[in-house]
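Colleague: attaching a predicted model along with its sequence, questions to come.
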Amino acid sequence: MDEAQEQEVLRLLIDVCGTDAIDTERDVDLFDAGLLDSLGVTQLLVSFEDDLGIKVPPTAVERDEISTVNRILAFVAERL
Amino acid sequence: MIDAYGSLYWFYVLTLVSLPAVVLGLLGKPLRAYSRIATVLIVVLVIGWTSGQWLWLVGFLVFELSLVKGWLHYRVGHEHVNPWLARVAAAGATLPLVVIKVGNLFPTLSVGFLGISYLSFRVIQVVLEITDGLITALPLADLTFFVMFFPTLASGPIDRLRRFQQDADRVWTREEYGYLLSRGLGMLLMGAVYKFVLAAWFTTQLEWAFGWPQTLAYMYLYTGRLFFDFAGYSAMAVGTSYIFGIRTPPNFRLPFVAESIKDFWNRWHITLSFWFRDYLYTRLAMFLMRTKMFKGRRVAAGRVALALNMCLMGAWHGFQLHYLLYGLYHGLLLVGNDVYEKKSKLFSYRHHLAYRLVAIAVTFQLVVFGFLLFSGHILAI
């Protein structure tokens, strides 16, 4: 994943979570922090597919895989 | 027909059927073959040879299993799925449930059989995961065992095929099985106390609480009975699954300390709520987010999907007015909660103790009122 793609994912995440604090706190559990929920995950899945071309069926994603910013970045990098 | 986890006869049969599993497990032998025999035995004993439910069950199984096998055959042979065929397959898997729920509106008709809803949930899930390419091979015997697994046959919890298969195919070592057995027995005991002591107490208290003045008391007592009865059943179903080497996921996680309605649905009837989330809500929301109507308004699309999801969850309990109201109520609460979390400054205090205590109290009140709607009590007065 190149710099531009990483920025793109971060921009998506800031949009979905509604705060840019996540950029500096990349290992915080977003579900526990109340920043990410089912609606947020759905927005992310649509964005991944439409903006990054990564198609992931909803039940192929475990919440553990996308619970922090770093994990989400790794999740995307693996599938690009 | 006997009542699963509700009668002495059930526990008598359960004990007899479980003993060979315990012996096999403690010897470190595979449980796979015996679990299937036990499931057939119990299904025969639970549904009973003479009852008319047999026809419904056999008809249901023949229909659903053929549909799954046919769909899997098509899917494996086609890299790109025809979206209309995928919709037909999903609708087909849902059809028996709808037929029976509509039939239930007419009390004189006796349609369906014990566990039809939960069996349908398992089948629909398999159909959708076949569509997604997550399930690519599935022997008929494995599919039937997953759908009919007796500890969770009557009312769940609703397991996931791919998770279930891993446990079902596994040969546990003696030590591992010893741990499963002790956890299973512990959950059976806890479930029995919930159901036969606590739920039974709430039931006796409910008798006097009928009529308008007592409605307030009824609301809390009904909630107590509902929780201990169903959480008790669920714990016993999970406990029994463990004895057969299957780690069925739990249905409840301290629901009354939930700090929001959203949090509540992560703690109450978890396997149902997550089923709706994964197989209905997410898909519906993704579909809506891509429609012209919701272009650039993904959050709005998600909220509409959320409300529809909860309405359907309510309707699944039955098409009676009080269930529909219950679904709508929770749909509106969840949308309201989402608006609140995104707009209110107050939400930034959510990690403070005082906020959390107030949030728990408020959520609890909202929840018990929901159960009052659910009970049909206010409409009946």
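Modeller: Alright, I've got the coordinates. All values reported here derive from a predicted model rather than from experimental measurement.

Colleague: can I get the CA coordinates of stretch A:18-31 in PDB?
Modeller: What follows is stretch A:18-31, C-alpha atoms only, in PDB (Å, rounded to 0.1, in the frame of the first residue of the first chain):
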ATOM      1  CA  GLY A  18     -16.300  11.500  13.100                       C
ATOM      2  CA  THR A  19     -12.900  12.500  14.700                       C
ATOM      3  CA  ASP A  20      -9.400  13.000  13.400                       C
ATOM      4  CA  ALA A  21      -8.000  11.900  16.800                       C
ATOM      5  CA  ILE A  22      -7.800   8.400  15.400                       C
ATOM      6  CA  ASP A  23      -4.900   9.400  13.300                       C
ATOM      7  CA  THR A  24      -2.600   9.600  16.300                       C
ATOM      8  CA  GLU A  25      -4.200   6.800  18.400                       C
ATOM      9  CA  ARG A  26      -3.800   4.000  15.900                       C
ATOM     10  CA  ASP A  27      -4.000   1.100  18.400                       C
ATOM     11  CA  VAL A  28      -7.100   2.100  20.200                       C
ATOM     12  CA  ASP A  29     -10.000  -0.300  20.000                       C
ATOM     13  CA  LEU A  30     -12.500   1.700  17.900                       C
ATOM     14  CA  PHE A  31     -15.500  -0.400  19.000                       C
END
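
Colleague: what's the model's confidence in it, averaged?
Modeller: The pLDDT scores in stretch A:18-31 average 87.

Colleague: same question, stretch A:2-15
Modeller: 90.

Colleague: what comes into contact with it?
Modeller: Applying CB atoms under 8 Å, 6 or more residues apart in numbering or on different chains, the contact partners of stretch A:2-15 are A:1, A:20, A:22-23, A:43-44, A:47, A:51-52, A:69, A:72-73, A:76, A:80. Where you see a C-beta, it was placed from the backbone N, CA and C, and this is true even at glycine.

Colleague: pull the distance from it to the chain's centre.
Modeller: What separates the centre of stretch A:2-15 from the centre of its chain is 9 Å, taken as CA atoms, centre = their mean, to the nearest Å.

Colleague: what do you get for stretch B:328-346?
Modeller: 24 Å.

Colleague: residues contacting the closest residue to chain A within the stretch 51-200 of chain B?
Modeller: Taking CB to the nearest CB, chain A has its nearest neighbour within the stretch 51-200 of chain B at B:Asp132, 3.5 Å off. Under the criterion of CB under 8 Å, 6+ apart, the neighbours of B:Asp132 are A:Pro57, A:Pro58, A:Thr59, A:Ala60.

Colleague: what's around the first one, how many residues?
Modeller: Applying the criterion other CB atoms under 10 Å in any protein chain shown, we find 16 residues in the vicinity of A:Pro57.

Colleague: just to revisit the earlier point, just the contacts of B:Asp132 that are near chain B?
Modeller: Restricting the contacts of B:Asp132 to those touching chain B (CB under 8 Å from any CB of the partner chain) yields A:Pro57, A:Pro58, A:Thr59, A:Ala60.

Colleague: where does the prediction get shaky in the stretch 51-200 of chain B?
Modeller: B:51 (pLDDT under 70).

Colleague: tell me which parts of it are close to chain A?
Modeller: B:Leu128, B:Glu129, B:Asp132, B:Gly133, B:Leu134, B:Arg160.

Colleague: using TSV, please lay out the residues you listed together with secondary structure.
Modeller: Formatted as TSV, these follow (DSSP: H, G, I helix; E, B strand; the rest coil):
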residue	secondary structure
B:Leu128	helix
B:Glu129	helix
B:Asp132	coil
B:Gly133	coil
B:Leu134	coil
B:Arg160	coil
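
Colleague: out of those, which end up buried?
Modeller: B:Leu128, B:Glu129, B:Asp132, B:Arg160 (16 or more other CB atoms under 10 Å in any protein chain shown).

Colleague: those residues: which two are farthest apart?
Modeller: B:Asp132 and B:Arg160 (12.7 Å; CB to CB).

Colleague: identify the contacts common to these two.
Modeller: Both B:Asp132 and B:Arg160 are in contact with A:Thr59, where contact means CB under 8 Å, 6+ apart.

Colleague: ignoring the adjacent residues along the chain, who's closest to the residue positioned nearest the centre of chain A?
Modeller: Centroid check for chain A by CA atoms, centre = their mean gives A:Ile72 as the closest residue, at 4.4 Å. Excluding the flanking residues, the one nearest A:Ile72 by CB to CB, 6 or more residues apart in numbering or on different chains is A:Ile66, at 5.0 Å.
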